[in-house]
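> need coordinates for the following:
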Amino acid sequence: MLVSHYDQVLVAISFIVAILASYTALNMAGRVAGSSGTAARIWLTGGGIAMGIGIWAMHFIGMLAMDVSMGMNYDLPVTLLSMLIAISASLFALWLVSIEQLRLRRLFPGALILGTGIVAMHYTGMAALQVEPAIVWSMGWVALSVVIAMLASLAALWLTFRLRRDAAQVALMRAGAAVLMGLAIAGMHYTGMMAAQFPVQMHMHHQGINGSWLAILVSVVALSILGITLLVSMFDARLQTRTSLLASSLAEANRELAQLALHDTLTRLPNRILLEDRLDQAINKADREGRTFALLFMDLDGFKAVNDAYGHDTGDKLLIAVTERLKQPLKGQYTLARIGGDEFILLAEIDAPDDAASLASALVHVIDKPFSLELYELMVTLSVGIAIYPHDGENQRELMFNADAAMYHTKHMGRNGYHFFQPSMNMLAQKQLQLMNDLWMALERNELHLVYQPKFQAPAGPVVGFEALLRWHHPIQGVLPPDLFLPLAEKSGLIIPIGNWVIDEACRQLREWHLQGHKTWSVAVNLSTLQFEQPQLVDNVLASLARHQIPPDTLILEVTETTAMNNPDESVRVLTELTRAGVKASIDDFGTGYSSLLYLKRLPACELKIDRAFVKELSGQNDDATIVSAIVALAKTLNLKVVAEGVETQEQQAFLTDIGCNTLQGYLLGKPVSPQTIAALHHNPSAMLSLDS
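Have a look, this model is predicted:
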């Protein structure tokens, strides 16, 4: 028998190819298991081909590594057949480990089939050798190689199935498993080679493929295929991981958006959108099961005063505390929602109206206790209106409207309580609703107009300017004062377009007076809280000044003390921006709110306006006189002018003049009048004293 030797370099390359083929098998199993449809079929086919070529290349390189002191030639068709057997066995193995569960009844037959394929590939490849006489086989070594192939196949299938997932924690285990599987496959091959004994008289056919250069070609091709397959697989795995992270982030963002879209951002309660959906569900369920439910419309009494006195930050904390209190007596199926401001809605299943009354009473009492918030102890109460389905409304709109009407009835009856809806309550609610609808159209129909109350240099003139006051010429109800419709405008948000119109109209009228020769006249305009807080306020004011070409210092914007102190830093910023442009600022209703002298000193105002409440009861000896004197002294210290409104008696006029008020305003001196009346009398300023509306 010929003595065979092995090329150590090719032996090492064969082991490397075996390990790389094993790692490819593990990686491809993960790609197949993690995909579906066409993608899974592509990974199965590509992975099976790459893995099969790798195993076959390891076998072929191992054969080429054997040196029997003569050149070795191979039969091409048989060689290709051995490669096809390797690819078929690899495809079967990948398919088997990609199934959901690999039980023993599948594992053992699968290992038998895969091992048979590897053995067939090896001995078919050996049969491709063109030698005469034939190779003599040692059956003991053959049997051992078959056993090794079967055990290697069993271990390979089990490890591949266990490590097919792409979890980061199995990466090291996968590398170790690839080494073990590669050693097992190589061990089977070299055991099979030990079974081959070549006769001394053996000689080679000269046909076929010469193996002198074939080792390098097979090594390069096999390593290239396995490397490219692994690179594509790893790139796809990274892409899938990134896609999975993006999908997870997108899902989380969608959940957050859904939360924001359906819940109040402050209290985390359902908002109006989610409430309407729950209300529809409750109506459908009540109709289907013949049950009933209650809708409780709740509004906080005194919340606006807290907001005005302590600011929105404290008001927000109070709303959160109120929400926690409202949840305490609630049990069973219910939806508690906040629909805006200090308004809450409770949707609750009940068996009888008495259940709704008990629930409303519990809610009223749980709120009617002091709230301790940081440095403050605050008190608010709860007004509740109750509507019962289907008695008080057959649809969502009717229930909400009637519960709201019952809540307003509770407020009119003294607050801090509850009332069931009664049809008679609708008259007031419908009147308010109709007035709200009419107000939406008032701007378009030119029903709003301004009247102007003159402001006099103390004690009795001349006229230095006017305060613009809003009136509504309602087509049915006649002229309405602002206290009847401005609260509705505040509630609906209409106060912003109405306020912008007032500024623009006042500037237009002032321009007319200036053209008539009254260059020194100014006009004062009141700013509501919402209007003062809108980001476009400064731009709107400057646009009106430019449009009507009036000097900025002839426009005075009156901001109440409460509004200015609501957010002092922002108030300072806005008023500073306006005054830098030349516009004057006045602190209105001074003395009725809560001021910090530090912030008052920082506010760029030109005057303080004493509230009429102090002027009304003014006499030389009472407390109001002391307060007014103190306000005037404070204003002079801060270099501010003082305007007193509500002057109705000569005694008030004399006292205010004596203590140093610069400007007086009131019915004693002049009532609010139309621009036409002012135009008729502008040649005789003293006639302003007799003007009447």
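> can you get me a residue count around residue 340?
The tally of other residues near residue 340 (other CB atoms under 10 Å) stands at 10. C-beta coordinates here come from the backbone N, C-alpha and C atoms, glycine included.
> ok, the one 4 residues further on next?
When neighbours are counted by other CB under 10 Å, residue 344 registers 25.
> not counting sequence-adjacent ones, nearest residue to it?
Excluding the flanking residues, the one nearest residue 344 by CB to CB, 6 or more residues apart in numbering is residue 298, at 4.4 Å.
> need the CA coordinates for the helix or strand where the one you found lies. CSV is fine.
Residue 298 is part of strand 292-301 when elements are defined by DSSP states H and E. The C-alpha trace of strand 292-301 is given here as CSV (Å, rounded to 0.1, in the frame of the first residue of the first chain):
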residue,chain,number,x,y,z
THR,A,292,-79.3,53.8,32.8
PHE,A,293,-76.4,56.0,33.6
ALA,A,294,-75.7,59.5,35.0
LEU,A,295,-73.7,62.4,33.5
LEU,A,296,-72.4,64.8,36.1
PHE,A,297,-71.2,68.2,34.9
MET,A,298,-68.9,69.7,37.6
ASP,A,299,-67.4,73.2,37.9
LEU,A,300,-65.1,74.5,40.6
ASP,A,301,-66.4,77.6,42.5
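> next structured bit after it?
Per DSSP H and E, the first helix or strand lying C-terminal to strand 292-301 is helix 303-310.
> would you mind writing the CA trace of that following helix as CSV?
Only the C-alpha atoms of helix 303-310 are listed here, as CSV (Å, rounded to 0.1, in the frame of the first residue of the first chain):
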residue,chain,number,x,y,z
PHE,A,303,-61.0,78.7,41.0
LYS,A,304,-60.7,81.9,38.9
ALA,A,305,-59.9,83.9,42.0
VAL,A,306,-57.2,81.4,43.0
ASN,A,307,-55.7,81.6,39.5
ASP,A,308,-55.8,85.4,39.5
ALA,A,309,-54.4,85.8,43.0
TYR,A,310,-51.7,83.1,43.0
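> what inclination does it have with respect to strand 292-301?
Counting by axes from the mean of the first three to the mean of the last three CA atoms, to 10 degrees, helix 303-310 points 30 degrees away from the direction of strand 292-301.
> returning to what we had before: strand partners (parallel or antiparallel) of the strand holding residue 298?
According to DSSP bridges, strand 292-301 forms sheet pairs with strand 343-350 (antiparallel), strand 381-389 (antiparallel).
> end to end on stretch 513-525, go ahead and measure it.
Length of stretch 513-525, first residue to last, CA to CA, to the nearest Å: 16 Å.
> how about that stretch: buried residues?
Within stretch 513-525, the residues scored as buried using 16 or more other CB atoms under 10 Å are 513, 514, 518, 521, 522, 523, 524, 525.
> on the three-state scheme, the spatially closest residue to the second one that is not a sequence neighbour is what?
Of all residues beyond its chain neighbours, the one nearest residue 514 is residue 550 (6.3 Å), with distances taken as CB to CB, 6+ apart. Recorded secondary structure, residue 550: coil (DSSP: H, G, I helix; E, B strand; the rest coil).
> how many residues are close by residue 550?
22.
> again with residue 501
Counted with other CB under 10 Å, the neighbours of residue 501 add up to 16.
> sorry, back to before: list the residues that contact the residue nearest to residue 344.
Contact analysis of residue 298 by CB atoms under 8 Å, 6 or more residues apart in numbering lists 326, 343, 344, 345, 346, 363, 382, 383, 384, 385, 407.
> how about those residues in a markdown table, adding pLDDT?
A markdown table is the format used below for these (pLDDT from 0 to 100):
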| residue | pLDDT |
| --- | --- |
| 326 | 95 |
| 343 | 92 |
| 344 | 95 |
| 345 | 94 |
| 346 | 96 |
| 363 | 96 |
| 382 | 95 |
| 383 | 94 |
| 384 | 96 |
| 385 | 94 |
| 407 | 92 |
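> which of those sits closest to residue 308?
When the contacts of residue 298 are ranked by distance to residue 308 (CB to CB), residue 343 comes first, at 17.5 Å.
> how about the closest one, what does it touch?
Contacts of residue 343 by CB under 8 Å, 6+ apart are 297, 298, 299.
> so the last one sits right up against residue 411, yeah?
Put plainly, it is residue 299. Yes. Counting by CB atoms under 8 Å, residue 411 is a contact partner of residue 299 at 7.2 Å.
> which element is residue 142 on?
Assigned by DSSP H and E, residue 142 belongs to helix 139-162.
> for that helix, packing partners?
Judged by 3 or more CB pairs under 8 Å, 6 or more residues apart in numbering; DSSP states H and E, the packing partners of helix 139-162 are helix 8-33, helix 76-97, helix 104-127, helix 171-194.
> from the chain's centre, how far out does the third one sit?
The reference is to helix 104-127. 58 Å (CA atoms, centre = their mean, to the nearest Å).
> can I get the CA coordinates of it in CSV?
What follows is helix 104-127, C-alpha atoms only, in CSV (Å, rounded to 0.1, in the frame of the first residue of the first chain):
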residue,chain,number,x,y,z
LEU,A,104,-36.8,14.1,19.5
ARG,A,105,-39.0,12.3,17.0
ARG,A,106,-37.8,14.8,14.4
LEU,A,107,-34.3,15.3,15.7
PHE,A,108,-33.1,11.7,15.5
PRO,A,109,-34.5,11.0,12.0
GLY,A,110,-33.1,14.4,10.9
ALA,A,111,-29.7,13.6,12.2
LEU,A,112,-29.8,10.2,10.4
ILE,A,113,-30.7,11.9,7.1
LEU,A,114,-28.1,14.6,7.5
GLY,A,115,-25.4,12.2,8.6
THR,A,116,-26.2,9.9,5.6
GLY,A,117,-25.9,12.9,3.3
ILE,A,118,-22.4,13.9,4.7
VAL,A,119,-21.2,10.2,4.4
ALA,A,120,-22.6,10.0,0.9
MET,A,121,-20.9,13.3,0.0
HIS,A,122,-17.5,12.1,1.3
TYR,A,123,-17.4,8.7,-0.3
THR,A,124,-18.9,10.0,-3.6
GLY,A,125,-16.1,12.5,-3.6
MET,A,126,-13.6,9.7,-2.9
ALA,A,127,-15.1,7.7,-5.8
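> tilt between it and helix 139-162?
Helix 104-127 runs at 130 degrees relative to helix 139-162, counting by the same axes, to 10 degrees.
> quick check: mean pLDDT of helix 104-127?
Mean pLDDT, computed over helix 104-127, is 72.
> all helices for the stretch 251-400 of the chain, in order.
Ranges of helices in the stretch 251-400 of the chain, per DSSP state H, counting those that start in this stretch, are 272-289, 303-310, 312-327, 353-367, 396-412.
> need the ones you listed in CSV (columns: mean neighbour count).
Listed next are the helices of the stretch 251-400 of the chain as CSV, based on neighbours: other CB atoms under 10 Å:
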stretch, mean neighbour count
helix 272-289, 15
helix 303-310, 19
helix 312-327, 17
helix 353-367, 17
helix 396-412, 21
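> now the ones you listed in JSON lines, with distance to residue 76?
Formatted as JSON lines, those follow (distance: least, CB to CB, whole Å):
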{"stretch": "helix 272-289", "distance to residue 76": "73"}
{"stretch": "helix 303-310", "distance to residue 76": "92"}
{"stretch": "helix 312-327", "distance to residue 76": "83"}
{"stretch": "helix 353-367", "distance to residue 76": "91"}
{"stretch": "helix 396-412", "distance to residue 76": "82"}
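> of the contacts of residue 298, closest to residue 277?
Closest approach to residue 277 among the contacts of residue 298 (CB to CB): residue 345, at 12.8 Å.
> how much space separates that closest one from residue 410?
15 Å (CB to CB, to the nearest Å).
> average pLDDT for the longest strand along the chain?
Longest strand of the chain, by residue count under DSSP state E: strand 463-474. The average pLDDT within strand 463-474 is 92.
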